[in-house]
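A.B. asks: dropping the sequence and predicted coords here.
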Amino acid sequence: MPSIILLRGAYRVREEGVVVKSFFDPNWVDLGILGIYGRWMGVNWIWVLHLTIYHAVASVTIPIILVKAID
């Protein structure tokens with residue numbers, strides 16, 4: 001399970017950071033006030049941390065646990 005969470009976190013960083021670029025855009029629509037807070041070296045670090053943890057848990061870990069519980 002830890003490797004799945006780690007891989008999902010890495011995928012999220014690639015998707016949001018490299019493809020969508022929401023980690024770097026201070027005017028990203030979902031950021032709101034976080035667009036000016038938590039920025040360092042051009043990166044929205046609060047947004048990075050929040051999205052990486054949230055999607056590693058909510059998008060991957062919980063569905064896997066639910067499928068294993070049904071099986």
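C.D. replies: Now that the structure is in, tell me what you want to look at. Just so it is clear, the structure is predicted and the values come from calculations on it, not from any experiment. Numbering: from 1, shown residues only.
A.B. asks: for residue 2, give me its contacts.
C.D. replies: For residue 2, the contact set (CB atoms under 8 Å, 6 or more residues apart in numbering) is empty. Every residue, glycine included, has its C-beta placed from N, CA and C.
A.B. asks: what mean pLDDT does stretch 23-39 have?
C.D. replies: Across stretch 23-39, the average pLDDT comes to 81.
A.B. asks: same check on stretch 57-71?
C.D. replies: 84.
A.B. asks: now that stretch: how far from the chain's centre is it?
C.D. replies: 18 Å (CA atoms, centre = their mean, to the nearest Å).
A.B. asks: what comes into contact with that stretch?
C.D. replies: 1, 4-5, 8.
A.B. asks: which stretches of the chain form helices?
C.D. replies: For the chain, the helices defined by DSSP state H occupy 2-12, 45-54, 62-70.
A.B. asks: go through these and pick out the most buried.
C.D. replies: helix 45-54 (a mean of 16; mean count of other CB atoms under 10 Å).
A.B. asks: other SSEs contacting it?
C.D. replies: The contact analysis (3 or more CB pairs under 8 Å, 6 or more residues apart in numbering; DSSP states H and E) places helix 45-54 against helix 2-12.
A.B. asks: next, the angle from the helix it packs on to helix 45-54.
C.D. replies: 140 degrees (axes from the mean of the first three to the mean of the last three CA atoms, to 10 degrees).
A.B. asks: gap between the two ends of stretch 39-58?
C.D. replies: By CA to CA, to the nearest Å, the extent of stretch 39-58 from end to end equals 25 Å.
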